[in-house]
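J.: What shape does this take:
(one chain, ligands or ions: 1)
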Amino acid sequence: MSLIRVDDVSFGYTADRRILDGVSLDIAAGDTIGLVGESGSGKTTLLRLLLGLERPNAGSISFDGAPLDPGNGPFMRQFRRQAQVVFQDPYSSLDPRQRVFSIIAEPLRSLRIASDHAVAVASALAAVGLDPDTAKRYPHQFSGGQRQRIAIARAIVAKPRLLLADEAVSALDLTTRIRIVELLAELSKDMSLLFVSHDIGVVAALCQRIVILEHGRIVEQGETANVLAAPQHSYTQRLLASVPRLTLKET
Ligand SMILES: Nc1ncnc2c1ncn2[C@@H]1O[C@H](COP(=O)(O)OP(=O)(O)OP(=O)(O)O)[C@@H](O)[C@H]1O
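T.: Numbering: from 1, shown residues only. Down below sits the predicted model:
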């Protein structure tokens, strides 16, 4: 069964401009999906709809078979526990005034999860390959790659079933990017992953399926290897021709 199902969704921030147009997408347990498109194609907007931060103007989104209704508080609390997000910029996404422990434990507090927070934070730090001592320090004491690991630890501390990553490696240098992609690949064994990126090379290394968005419409989707080997749509062909390739082996 679908974890998230997007059914013929259209959306505009204003009435006069449609950003997403008839988008349908299924994310099942265990899926790793790369959502690719040029800047402005609507990737982040789709992610905002998936998070319940915006409502579709037409069509529907469901999670675990139930409508994703931002107005339904108890449902959204359950949903937020199960779907977490990592953003692009590890410098602005972590509160500089809080210690790392408090940052990572934030979803446990806000979702009122009554686990042992110290144990959960230690386990999340271990999962992202950071030393337990990290918890006592502040974000400014870490590099961009380490900060992104902290942001990922926060996203996985409540053991979500779906991780949404919005250009989560784009701000990192090449070597760090490869490490974080490897980390996400490891974590995706235990959760579904929707990885938003303009970088087809990273998606090729990480995602089993690829979805291509052009001007708010899905123009092509399928197994990444098949789509990349024989892109059917002219937009995908253009994207492939213009984006430099990156594979995990290029270290
Ligand atoms: N809050 C907003 N109000 C009005 N228009 C918006 C808003 N956010 C985004 N847009 C517009 O929606 C369109 C799609 O933006 P979106 O951020 O979803 O694209 P994207 O594919 O994620 O781009 P990028 O790769 O540059 O992040 C753009 O034209 C953008 O200007």
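
J.: Can you pull the phi/psi pair for the closest residue to E214 other than its chain neighbours?
T.: Nearest non-adjacent residue to E214, counting by Cβ to Cβ, 6 or more residues apart in numbering: Y235, 4.5 Å away. Using the backbone N, CA and C atoms, a C-beta is placed for each residue, glycine as well. Backbone dihedrals for Y235, given as degrees, to the nearest 10, come out at phi -70, psi -40.

J.: can you pull out the helices in the stretch 151-251 of the chain?
T.: For the stretch 151-251 of the chain, applying DSSP state H, counting those that start in this stretch gives helices covering 174-187, 200-206, 224-229, 234-242.

J.: now what about the shortest one, what contacts it?
T.: So the one you mean is helix 224-229. Residues from elsewhere that reach helix 224-229, judged by Cβ atoms under 8 Å, 6 or more residues apart in numbering: 34, 200, 203-204, 207-210, 212, 220-221, 236, 240.

J.: Tell me the buried residues within those.
T.: Using 16 or more other Cβ atoms under 10 Å as the burial test, the contacts of helix 224-229 include 34, 200, 203-204, 207, 209-210, 212, 220-221, 236, 240 as buried.

J.: For the stretch 1-150 of the chain, what lies in contact range of the ligand?
T.: Listed as neighbours of the ligand in the stretch 1-150 of the chain under the rule Cβ under 6 Å from any ligand atom: 13, 19, 37, 39-45.

J.: which two from those residues end up farthest apart in space?
T.: For those, the maximum inter-member distance is 17.2 Å, found between Y13 and G37 (Cβ to Cβ).

J.: Pick out whichever of these two has more residues nearby.
T.: Shown here are Y13 and G37; by other Cβ atoms under 10 Å, G37 has more neighbours (24 against 11).

J.: wait, isn't the more buried one in contact with K43?
T.: Yes: with contact defined as Cβ atoms under 8 Å, G37 and K43 form a contacting pair (5.5 Å).

J.: re the thing from before, pick the most deeply packed of the helices of the stretch 151-251 of the chain.
T.: Here the criterion is mean neighbour count by mean count of other Cβ atoms under 10 Å, and of these the winner is helix 200-206, at a mean of 23.

J.: For Y13, grab phi and psi.
T.: Torsion angles, degrees, to the nearest 10, at Y13: phi -70, psi -30.

J.: so it sits right up against L20, yeah?
T.: No: counting by Cβ under 8 Å, Y13 does not reach L20; the two are 10.3 Å apart.

J.: where do the contact lists of these two overlap?
T.: With Cβ under 8 Å, 6+ apart as the test, Y13 and L20 both reach T45.

J.: what sits against the residue of the stretch 151-251 of the chain found nearest the ligand?
T.: With Cβ to the nearest ligand atom as the measure, H198 is the residue of the stretch 151-251 of the chain nearest to the ligand, at 5.2 Å. Counting by Cβ under 8 Å, 6+ apart, H198 touches 36-39, 43, 167, 170, 243.

J.: ok, now R5?
T.: Shown in contact with R5 (Cβ under 8 Å, 6+ apart): 25-27, 61-62.
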